[in-house]
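Peer 1: Coordinates for the following, if possible.
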Amino acid sequence: MQTDLLLRQAGPEDAGAIADLYTAARVAAVPQMPPAVHSNAEDRAWMAGQLARTDREAWIAERHDEPLGYALLAPVWLDHLFVRADATGEGVGTALLDLVKALRPDGFSLWVFETNAGARRFYARHGLVELERTDGAANEEKAPDIRMAWPGADALGFYRGLIDEVDEQLGDLLARRAALTRAVQAHKTDGARDPERERAIAEAMARRAPGLGVERLERIVHTIITESLGRS
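Peer 2: Model prediction:
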């Protein structure tokens, strides 16, 4: 760790410098990260908007008034943590991440590209865990990514909070699935179950949730359909 490193909260006047650092860091990170899809001018406009929001805060790591890295935070997310390419290995990222932990003692999540092995190792060394993977359909780069999280001081409470969020979504989805399962029965000539289709549904789910596997998901699908119809 460099003893002359200064961490300070960023203001709106820092938006241009932070955006320039971000643009350069994304270029230097290829191919570990996919190429960015926005220009520096777009990055500058976006960052200015972020720093104008009351639910965002940014912190800069600098030496002799020269920015070396920054972190951009939402209430429960670490949106950005980037270090200038020529300042990696100097403890800048660690200093910023330690600050984020102090600012968010109840825990936080972040997204990292699956291909960014260096960042994943860095976060894992600092106590973050990988929670879920996506195929990248929801991000601008359309590249697979991973949700990582630091659970804070009360890990059990943090994870239970995330479980509660998922259970709310799951409840809504099960209600929709049950209604659709019942509705489709009126369009079947014999009302019979279709084991081949249920297997295909499980196989499609397994591509999104490989940790569960086809066999277990097939049992889950069978149970959902059975209980939706109210019969064995």
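Peer 1: remind me which residues of this protein are low pLDDT?
Peer 2: 1-3, 231-232 (pLDDT under 70).
Peer 1: which stretches of it form strands?
Peer 2: 6-9, 57-63, 66-73, 78-83, 108-113, 129-134, 145-150 (DSSP state E).
Peer 1: ok, and for the first one, which residues are buried?
Peer 2: If I follow you right, that is strand 6-9. residue 7 (16 or more other C-beta atoms under 10 Å). For the C-beta atoms, the positions are set from N, CA and C on the backbone; glycine is no exception.
Peer 1: How about the fourth one?
Peer 2: Buried residues in strand 78-83, counted by 16+ other C-beta under 10 Å: 78, 80-83.
Peer 1: Out of those, which comes closest to residue 219?
Peer 2: Taking C-beta to C-beta as the measure, residue 219 lies nearest residue 78 of the buried residues of strand 78-83, at 36.9 Å.
Peer 1: Who are the packing partners of the lengthiest helix in the chain?
Peer 2: Longest helix in the chain by number of residues, with DSSP state H as the criterion: helix 155-184. Applying 3 or more C-beta pairs under 8 Å, 6 or more residues apart in numbering; DSSP states H and E, we find helix 155-184 packed against helix 213-229.
Peer 1: hang on, the earlier thing: report the distance from the longest helix of the chain to the chain centre.
Peer 2: 19 Å (C-alpha atoms, centre = their mean, to the nearest Å).
Peer 1: Strand 129-134 and that one, what's the angle between them?
Peer 2: With axes from the mean of the first three to the mean of the last three C-alpha atoms, to 10 degrees defining the directions, helix 155-184 sits at 20 degrees from strand 129-134.
Peer 1: quick one, helix 155-184 and strand 108-113 angle?
Peer 2: 70 degrees.
Peer 1: can I get the strands of the chain in JSON lines with distance to residue 179?
Peer 2: Listed next are the strands of the chain as JSON lines, based on distance: least, C-beta to C-beta, whole Å:
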{"stretch": "strand 6-9", "distance to residue 179": "49"}
{"stretch": "strand 57-63", "distance to residue 179": "42"}
{"stretch": "strand 66-73", "distance to residue 179": "39"}
{"stretch": "strand 78-83", "distance to residue 179": "36"}
{"stretch": "strand 108-113", "distance to residue 179": "31"}
{"stretch": "strand 129-134", "distance to residue 179": "27"}
{"stretch": "strand 145-150", "distance to residue 179": "29"}
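Peer 1: Next, the angle from the longest helix of the chain to strand 145-150.
Peer 2: Using the same axes, to 10 degrees: helix 155-184 against strand 145-150 is 140 degrees.
Peer 1: what's the domain layout of the protein?
Peer 2: 6-153, 158-229 (automatic domain parsing).
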